[in-house]
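1. I would like the atomic coordinates for the input below:
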Amino acid sequence: MKKIFLLLFLFSFISVFSQDKNYAFRLIKDLTSTEMHGRGYVNKGEKKAAKYIRKEFKNIGLKSFSKNYFQKFSFSINTFPEPIFVSVDGKELMPGTDFLIECSSPAISGTYDIVWINNTEIEKEKYYDLSNKFIITNLKQKELANLDLPKYKGIIKLSEKKLYWHISNGRKQGDYVSLKIKTDAIPPEAKSIKISVQNHFFTDYKTQNVIGYIEGKIHPDSFFVFTAHYDHLGRMGERIYFPGANDNASGTAMITDLARHYSLPKNQPDYSIIFMAFSGEEVGLMGSTYNANHPLFSLENIKFLINLDMVGSGSDGITVVNSSVFSKAYSSLVSINKNKNYLKQVKKRGESCNSDHCPFYKKGVPSVFIYTMGNECSEYHTPDDKAKNLPLTEYENLFRLLTDFILEF
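-> Numbering: from 1, shown residues only. Predicted coordinates:
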């Protein structure tokens, strides 16, 4: 009878943690669905994601600093909601696979001659008129700038590697079109490009952070904070979108799962815990910067802030950015991990302004940024960063490490 009870207990224990991971998978699947449009700024994808997260926060029972969990702000951003067409010498290229259009690019439509520039030893008189032409090059940006070429209609930058997109340069609209194209996607010495791109530039795109908290039972006015950005790159034209499973539906799922954990009466913390899901990270840390400059609570009352971004792997452990600055917290994570044998390693890294911890760190808030390591999760800013490709290898062990850290702290 005792053996049966023990087996049932162990099964129940395992099921609880398995269910946490299943909950995370559900959140990630929903956040990366086509209905969310890549959680960007085409078709209001980030607004749909924000409403979804708000619903989860409300169902969990988090309290809100505002009436509806939202902290609204705005910024400028360039978008591409319409169909995009590119062909080189009559061969149509596939968006996302063969080419990407830089987010700063303006609208364009037409057929243009291509001029190849493959080295820095050129006769400039050959390029006296590029005003209605595309240049194509494998030169680095600095090398190209040193040539001091006349203005061109567009530029094609060749890449041997898999293409990845970013939108941080989309806050301003440029004077020319810029494309990244896989080297093997176009013929050598291509002569012409046919292109059709329509853009929509928002000068004041309104978006929102999603913020909720659990009140501490002993120290309600002192806070631990978990943050993650829920936005991603969105759509580039009608045909493709960037799901952003690892970046950063994974971190969003984990802070939501942590919120659910601490919402249970038996897990109510001594200190209040705040959960902040930021918009605009991919544009340039916009949401976290706005919150740090317009806090809904006193930043001086934050005991510690942990930012989670890209936590979908873990076979090689985790990296803790800013751990060289906050050595006591880092030592605590290392000690817990060693005693519990959770992860392969807890790697130290110095300060870096590479995610949403940075605006708070600059304000004097003790802040670290944690991401997982492992080759099993290699997609970054591509259309293949999908939920079905996300292993969540060490999700449960990272979850346990974080809750143990808060308990010990």
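
2. quick one: the helices in the stretch 1-150 of the chain?
-> 2-31, 45-60, 141-147 (DSSP state H, counting those that start in this stretch).

3. Residue 282 belongs to a helix?
-> Yes: counting by DSSP: H, G, I helix; E, B strand; the rest coil, residue 282 is part of a helix.

4. Can you give me the distance of the residue nearest to residue 401 when sequence neighbours are not counted to residue 261?
-> Nearest residue to residue 401, sequence neighbours excluded (C-beta to C-beta, 6 or more residues apart in numbering): residue 342, at 4.9 Å. Every C-beta, even on glycine, is put in place using the N, C-alpha and C of the backbone. As defined by C-beta to C-beta, to the nearest Å, residue 342 lies at a distance of 16 Å from residue 261.

5. With residue 44 instead?
-> 31 Å.

6. thinking again about what came up before, give me the more crowded residue out of residue 342 and residue 261.
-> Per other C-beta atoms under 10 Å, whichever of residue 342 and residue 261 has more neighbours is residue 342, with 22 against 18.

7. Can you give me the pLDDT of that one?
-> For residue 342, the model assigns a pLDDT of 98.

8. So what does it look like in phi/psi?
-> phi -80, psi -50 (degrees, to the nearest 10).

9. Would you check how far apart it and residue 396 are?
-> 9 Å.

10. Check residue 38 too.
-> Residue 38 sits 27 Å away from residue 396, going by C-beta to C-beta.

11. next one: residue 247
-> Distance from residue 247 to residue 396, by C-beta to C-beta: 20 Å.

12. Wait, a helix at residue 388?
-> Yes: counting by three-state DSSP, one finds residue 388 located in a helix.

13. measure it to residue 395 for me?
-> Residue 388 is 16 Å from residue 395, by C-beta to C-beta.

14. higher neighbour count, the two?
-> Set residue 388 next to residue 395 and count neighbours by other C-beta under 10 Å: residue 395 wins out with 24 against 10.

15. Pull up the per-residue confidence for the more buried one.
-> Looking at residue 395, its pLDDT reads 97.

16. Could you report the distance from it to residue 317?
-> 13 Å.

17. Same drill for residue 247 and residue 396, tell me which one is more crowded.
-> Neighbour tally, residue 247 and residue 396, criterion other C-beta under 10 Å: the higher count belongs to residue 247, 26 against 17.

18. element containing the residue lying closest to that one once chain neighbours are set aside, please.
-> Leaving aside its chain neighbours, residue 247 sits nearest to residue 310 (5.1 Å; criterion: C-beta to C-beta, 6+ apart). In the assignment (DSSP states H and E), residue 310 maps to no helix and no strand.

19. what's the neighbour count on residue 310?
-> If we define neighbours as other C-beta under 10 Å, then residue 310 has 23 of them.

20. One more: residue 268?
-> Residues near residue 268, counting by other C-beta under 10 Å, number 14.

21. That one and residue 262 touch, don't they?
-> Yes: using C-beta atoms under 8 Å, residue 268 makes contact with residue 262 at a distance of 6.8 Å.

22. all strands for the stretch 201-350 of the chain, in order.
-> 219-229, 234-236, 240-242, 271-278, 302-308, 318-321, 346-349 (DSSP state E, counting those that start in this stretch).

23. right, so of those, which gets closest to residue 95?
-> The minimum distance between residue 95 and these falls on strand 240-242, with 5.2 Å, by C-beta to C-beta.

24. Show me the contact partners of stretch 350-362.
-> For stretch 350-362, the surrounding residues in contact (C-beta atoms under 8 Å, 6 or more residues apart in numbering) are 225, 227-229, 278, 281, 285, 287-289, 291-293, 299, 302, 305-307, 309, 321-325, 367-369, 371.

25. Thought residue 302 was touching residue 292, still the case?
-> No: using C-beta under 8 Å, residue 292 is not in contact with residue 302, being 10.6 Å away.

26. Find the residues that touch each one of these two.
-> 360, 365.

27. how near is residue 233 to residue 242?
-> Applying C-beta to C-beta to residue 233 and residue 242 gives a distance of 4 Å.

28. The protein - how does it break down into domains?
-> By the assignment in automatic domain parsing, the chain contains the domains 24-77+203-408, 84-197.

29. Tell me which of the ones you listed sits most buried.
-> Mean neighbours per residue, mean count of other C-beta atoms under 10 Å, is largest over those for domain 24-77+203-408, with a mean of 20.

30. Show the end-to-end separation of that one, please.
-> Start and end residues of domain 24-77+203-408 are separated by 25 Å (C-alpha to C-alpha, to the nearest Å).

31. so how far is it off the chain centroid?
-> Distance of domain 24-77+203-408 from the chain centroid (C-alpha atoms, centre = their mean, to the nearest Å) equals 10 Å.

32. Identify the residue nearest residue 250 in space, chain neighbours excluded?
-> Residue 250 sits nearest to residue 312 (C-beta to C-beta, 6+ apart), 4.1 Å away.

33. avg pLDDT for stretch 53-65?
-> 98.

34. which other residues reach that stretch?
-> For stretch 53-65, contacts defined as C-beta under 8 Å, 6+ apart pick out 27, 68-71, 210-215, 230, 252, 256, 259-260, 263, 275, 277, 296-297.

35. ok, residue 405 touching residue 334?
-> No: proximity of residue 405 to residue 334 does not meet the contact threshold set by C-beta under 8 Å, at 10.5 Å.

36. rewinding a little: got TSV for the strands of the stretch 201-350 of the chain, with mean pLDDT too?
-> Shown next, in TSV, are these (pLDDT from 0 to 100):
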stretch	mean pLDDT
strand 219-229	97
strand 234-236	98
strand 240-242	97
strand 271-278	98
strand 302-308	98
strand 318-321	98
strand 346-349	98
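
37. Alright, I will stop here.
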